[in-house]
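1. Turn this into a structure:
(one chain, ligands or ions: 1)
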Amino acid sequence: MSDYLYRNVNKVTTNILQLMRNQDEKIAMLTAYDYSLAKLLDMAKIDVILVGDSAANVMAGYKTTLPITLDDMIYHACSVVRAVERALVVVDLPFGTYQGNSKEALHSAIRIMKESGADAVKLEGGIEVRESIERIISAGIPVMGHLGLMPQSINKFGTYAVRATDPKEAEKILSDALVLQKYGCFSIVLEKIPAHVAAQITNELTIPTIGIGAGNQVNGQVLVLHDMLGITQQFSPRFLRRYHNLSEEIIRAVGNYIEDVKKCDFPNDKEQY
Ligand code: KIV
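-> Now for the predicted structure:
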């Protein structure tokens, strides 16, 4: 594997992400929700691990991210933090824990930081959530923003289709990105927007942008781990590159185990006491 400028840092911090952006080194981010996979991601030297509220879909089988609770997110975050030494660990604030008022937002963010030991929180939204962002950051908690397709707003959008195809929405996302930067976000996720819109936002910001379905003129990329490993099968958007087909391998391995048990081939002499 080629040598990256920041590959050998002991701990990725928000300052390191800014240096990576300044020196044009792309940021690699993936989701994780449990100890074992987070440990593998950290061993592979992923820069950022997102304990995403996509855990609602991937871990719990909900149709949307709305049902996952703050307690659920803290449970996943604790499991990930126990595994990780190097990566920056960012945890999603779940739906309903920060939009209402900024005091509640701060309380939610403090619970995540105190109870899990994570490094930062992420939340969805633009100018509407600026007070929450300001209050959380003033307590010393780094905040990552999230614009474009915001899955917590699926009931407002009505669809998971690509956002900002009309210039008005693209303009709004750009102005929201500038607000998030002004209020102190250290980075912004841009989800499912046209590549040229993401490129323009990235050019106008000084903080790093991290894209998912937002082209490659952004400062980094994020994917849901279970999607890129091919564990989940139903979800196949255009932006998703599958790096493996683990579901097939798991089904084959489990099938082999069942066979071995049924025909009394497992355990053999060497596998017993
Ligand atoms: O929850 C999540 O996994 C996310 C990513 C898709 C960015 O927010």
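
2. Please give me every residue in contact with the nearest residue to Met228 once chain neighbours are set aside.
-> In space, and not counting its chain neighbours, Met228 is closest to Tyr243: 5.1 Å by CB to CB, 6 or more residues apart in numbering. Heads up, the C-betas are built off the backbone N, CA and C, glycines and all. Counting by CB atoms under 8 Å, 6 or more residues apart in numbering, Tyr243 makes contact with Met228, Leu229, Gly230.

3. of these, buried ones?
-> With burial judged by 16 or more other CB atoms under 10 Å, the buried subset of these is Met228, Leu229, Gly230.

4. Spell out which residues of the stretch 101-250 of the chain are next to the ligand.
-> Val189, Glu191, Ile212, Val222, Val224 (CB under 6 Å from any ligand atom).

5. Return the closest of the residues you listed with respect to Ile173.
-> Nearest to Ile173 out of those is Glu191 (CB to CB; 10.2 Å).

6. any idea how far the closest one is from Gly230?
-> Going from Glu191 to Gly230 by CB to CB, to the nearest Å gives 21 Å.

7. mind listing what the most centrally placed residue in the chain touches?
-> For the chain, Leu50 is the residue whose C-alpha lies nearest the centre (CA atoms, centre = their mean; 3.6 Å). By CB under 8 Å, 6+ apart, Leu50 lies in contact with Met29, Leu30, Thr31, Ala32, Val90, Val91, Asp92, Lys122, Val222.

8. redo that, cut-off 6 Å
-> Met29, Thr31, Val90 (CB atoms under 6 Å, 6 or more residues apart in numbering).

9. separation between the closest residue to the second one other than its chain neighbours and the ligand?
-> So the one you mean is Thr31. Closest residue to Thr31 apart from its sequence neighbours, by CB to CB, 6+ apart: Gly52 at 4.3 Å. Relative to the ligand, Gly52 is positioned 2 Å away (CB to the nearest ligand atom, to the nearest Å).

10. Over to Asn219?
-> Distance from Asn219 to the ligand, by CB to the nearest ligand atom: 14 Å.

11. Just confirm that residue contacts Pro208, I think it does.
-> Yes: assessed by CB atoms under 6 Å, Asn219 is found in contact with Pro208 at 3.9 Å.

12. and for these two, which residues touch both?
-> Arg21, Ile27.

13. Which segments of this structure make up each domain?
-> 14-242, 245-273 (automatic domain parsing).

14. of all the ones you listed, which gets the most neighbours per residue?
-> The highest mean neighbour count among the domains of the chain, using mean count of other CB atoms under 10 Å, belongs to domain 14-242: a mean of 19.

15. Just the endpoints, please. Distance across it?
-> From its first residue to its last, domain 14-242 covers 28 Å (CA to CA, to the nearest Å).

16. and it, how far out from the chain's middle?
-> Domain 14-242 sits 5 Å away from the centroid of its parent chain (CA atoms, centre = their mean, to the nearest Å).

17. where do the strands sit along this structure?
-> With DSSP state E as the criterion, the chain has strands at 27-31, 48-51, 88-92, 120-122, 143-148, 187-191, 209-212, 220-223.

18. for those strands, which one sits closest to Thr65?
-> strand 88-92 (8.1 Å).

19. related to what we said a few turns ago, quick check, nearest of the buried ones among the contacts of Tyr243 to Ile173?
-> Closest to Ile173, out of all of these and judged by CB to CB, is Met228, at 24.7 Å.

20. How about the contacts made by Leu40?
-> Contacts of Leu40 (CB under 6 Å, 6+ apart): none.

21. Please report how far it lies from Asp265.
-> Using CB to CB, we find Leu40 at a distance of 30 Å from Asp265.

22. how about the helices in this structure?
-> Under the criterion DSSP state H, helices of the chain are mapped to 14-22, 35-43, 55-58, 70-83, 102-116, 130-138, 154-157, 167-182, 195-204, 225-228, 246-262.
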